[in-house]
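*Asks:* got a structure for you, letters missing:
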């Protein structure tokens with residue numbers, strides 16, 4: 001029922017000519033994003049990294065948010081603390097939340113190289129941050145006297161924090177409290193969740209934060225970049241440590257969507273099979289099409305097919321800034337872009353998902369809708385056509401009898417306005433979609 005925006009992409013400050021000004025740049029877009037229906041923005045790492053022109057995934061001083069002259073300058077590549085706080089306030093003023101990117105596995109930019117006495121290896125593990133908070137030495141990293149064996153996986157050869165060390169544990173918890181209680185963030189996105197024990201993420205998630213004088217439960221999602229079975233096992237484990245249920249990015253679905261868009265004659269029946277998190281645990285799935293890490297694996301063709309899928313199905317969809325702005329897929333004021341799908345998501349995409357028809361080239365699904373005291377979702381019919389040369393549809397039996405439907409969002413290789421449809425007394429009608437396209441039909 002909500003839609004987030006990943007409000008950055010790789011090297012975005014340089015590519016947008018916004019060096020050390022990204023927080024202000026995003027803030028300028030908040031009113032239009034709120035108007036388009038986004039409920040939250042996911043922001044990149046906020047702390048001083050190994051250098052000031054860094055995306056932040058190599059943290060050095062967790063408590064320097066861009067105000068101390070170290071690692072090449074004062075500001076982070078995105079700005080300083082005051083500008084970040086102004087962005088968060090502007091988001092809240094526009095009824096949008098903000099999610100912080102948490103990099104709690106690996107560090108970089110150490111000030112001195114040390115020999116770890118447990119294995120005799122040299123590493124850059126001496127950290128003397130100017131904030132004066134969370135100074136580190138070899139015993140704060142693996143191998144440590146507190147835990148010799150690494151709980152997760154190494155990343156890029158960086159030293160990995162040992163969260164069993166009381167200094168590390170305490171400092172990371174203080175950092176999480178800073179993010180929620182002082183800065184006013186509304187949730188966390190955990191980077192490289194394979195790099196540490198599930199218990200520390202669960203502990204951060206379940207902490208009883210106090211925000212604006214009241215207990216506050218943050219939204220929490222982990223990046224566990226694996227196959228569906230591995231993500232399922234991780235979700236079970238991490239949520240055994242927390243009352244605040246943690247979600248996961250749906251990587252299996254994302255790769256299915258890439259095949260849908262970029263593979264010739266992709267079989268749409270694959271979309272119905274188990275393995276995707278949105279299929280097996282829809283309430284724990286954060287669905288997405290592309291993100292900052294995809295590099296050469298980004299979706300190239302007909303990307304709106306993928307966005308149409310995540311914005312009408314269950315899960316919490318995440319839209320990528322680069323697609324929305326740089327690839328011009330927002331298409332505000334038209335029925336053919338992300339904005340129209342967000343509107344359909346908010347007004348109609350509720351209730352159970354039921355597949356009405358699927359074959360290698362045609363997929364038809366209904367969201368049944370629901371109503372409670374606060375929210376009403378009317379439901380919808382979604383048609384996805386994989387044929388590249390003609391309109392295609394099928395007669396299906398819906399839950400609605402003698403009901404008129406209008407197209408509210410569509411796109412494809414033919415953008416002709418789809419005709420309205422009306423079901424008969426048995427709830428049946430034909431619902432078509434354009435070549436390599438989709439239509440969202442809504443009851444009226």
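*Replies:* Looks like it came in fine. Everything numeric in this text was worked out from a predicted model, so none of it was measured. Numbering: from 1, shown residues only.

*Asks:* the strands in the stretch 51-200 of the chain, which residues?
*Replies:* 59-61, 97-102, 112-115, 122-126, 187-190 (DSSP state E, counting those that start in this stretch).

*Asks:* Which of the ones you listed sits closest to residue 334?
*Replies:* In terms of CB to CB, the element of these nearest to residue 334 is strand 97-102, at 27.1 Å. For glycine as for every other residue, the C-beta is placed from the backbone atoms N, C-alpha and C.

*Asks:* Could you check how far the closest residue to residue 298 other than its chain neighbours is from residue 9?
*Replies:* Closest residue to residue 298 apart from its sequence neighbours, by CB to CB, 6 or more residues apart in numbering: residue 290 at 5.1 Å. Per CB to CB, to the nearest Å, residue 290 is found 9 Å from residue 9.

*Asks:* try residue 223
*Replies:* 15 Å.

*Asks:* Next, the angle strand 97-102 makes with the helix ranked longest in the chain.
*Replies:* The longest helix of the chain (DSSP state H) is helix 22-36. Here helix 22-36 points in a direction 140 degrees away from that of strand 97-102 (axes from the mean of the first three to the mean of the last three CA atoms, to 10 degrees).

*Asks:* show me what contacts the closest residue to residue 370 other than its chain neighbours?
*Replies:* Distances taken as CB to CB, 6+ apart place residue 351 nearest to residue 370, at 4.4 Å, with adjacent residues excluded. Contact analysis of residue 351 by CB atoms under 8 Å, 6 or more residues apart in numbering lists 367-370, 377, 379.

*Asks:* Same list (those residues) but as TSV, adding pLDDT and distance to residue 245.
*Replies:* Output for those, formatted as TSV (pLDDT from 0 to 100; distance: CB to CB, whole Å):
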residue	pLDDT	distance to residue 245
367	98	23
368	96	24
369	94	25
370	88	20
377	88	22
379	97	26
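
*Asks:* In strands, which of the residues you listed fall?
*Replies:* 367, 370, 377 (DSSP state E).

*Asks:* Now the buried members of those residues.
*Replies:* Buried members of the ones in strands among the contacts of residue 351, counted by 16 or more other CB atoms under 10 Å: 367, 377.

*Asks:* what residues go with each domain of the protein?
*Replies:* 4-249, 353-443 (automatic domain parsing).

*Asks:* Throw these into JSON lines and include distance to residue 268, thanks.
*Replies:* Listed next are those as JSON lines, based on distance: least, CB to CB, whole Å:
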{"stretch": "domain 4-249", "distance to residue 268": "18"}
{"stretch": "domain 353-443", "distance to residue 268": "4"}
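
*Asks:* quick one, which of these is nearest to residue 326?
*Replies:* Per CB to CB, nearest to residue 326 of those: domain 4-249, 7.6 Å.

*Asks:* Show me where this structure dips below the pLDDT cut-off.
*Replies:* The model of the chain has pLDDT under 70 over residues 1, 373.

*Asks:* picking that back up, quick check, nearest of the ones in strands among the contacts of residue 351 to residue 414?
*Replies:* residue 367 (24.7 Å).

*Asks:* which residues does that closest one contact?
*Replies:* 312-313, 348-354, 377, 379-380, 382.

*Asks:* where's residue 88 relative to residue 292, distance?
*Replies:* For residue 88 relative to residue 292 (CB to CB), the value is 20 Å.

*Asks:* Between these two, which is the more surrounded one?
*Replies:* residue 88 (23 against 18; other CB atoms under 10 Å).

*Asks:* Next one: that one relative to residue 269, how far apart?
*Replies:* 44 Å.

*Asks:* before we move on, the earlier item: how about TSV for the strands of the stretch 51-200 of the chain, with distance to residue 161 added?
*Replies:* TSV is the format used below for the strands of the stretch 51-200 of the chain (distance: least, CB to CB, whole Å):
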stretch	distance to residue 161
strand 59-61	10
strand 97-102	12
strand 112-115	15
strand 122-126	10
strand 187-190	13
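
*Asks:* Identify the contacts common to residue 290 and residue 9.
*Replies:* Common neighbours of residue 290 and residue 9 (CB under 8 Å, 6+ apart) are 320, 322.

*Asks:* Mind checking which of those two has more residues around it?
*Replies:* residue 290 (24 against 21).

*Asks:* Pull the contacting residues for that one.
*Replies:* Counting by CB under 8 Å, 6+ apart, residue 290 has contacts 254, 298-299, 303, 320, 322-323.

*Asks:* can you do 10 Å?
*Replies:* 6, 9, 254, 257-258, 297-299, 303, 306-307, 318-320, 322-323, 327 (CB atoms under 10 Å, 6 or more residues apart in numbering).

*Asks:* where along the stretch 201-350 of the chain do the helices fall?
*Replies:* For the stretch 201-350 of the chain, applying DSSP state H, counting those that start in this stretch gives helices covering 228-239, 251-262, 277-280, 303-312, 321, 338-348.

*Asks:* One more: the stretch 1-150 of the chain?
*Replies:* 12-15, 22-36, 81-93.

*Asks:* With distance to residue 194 as new columns, can those be given to me in CSV?
*Replies:* Shown next, in CSV, are the helices of the stretch 1-150 of the chain (distance: least, CB to CB, whole Å):
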stretch, distance to residue 194
helix 12-15, 25
helix 22-36, 27
helix 81-93, 28
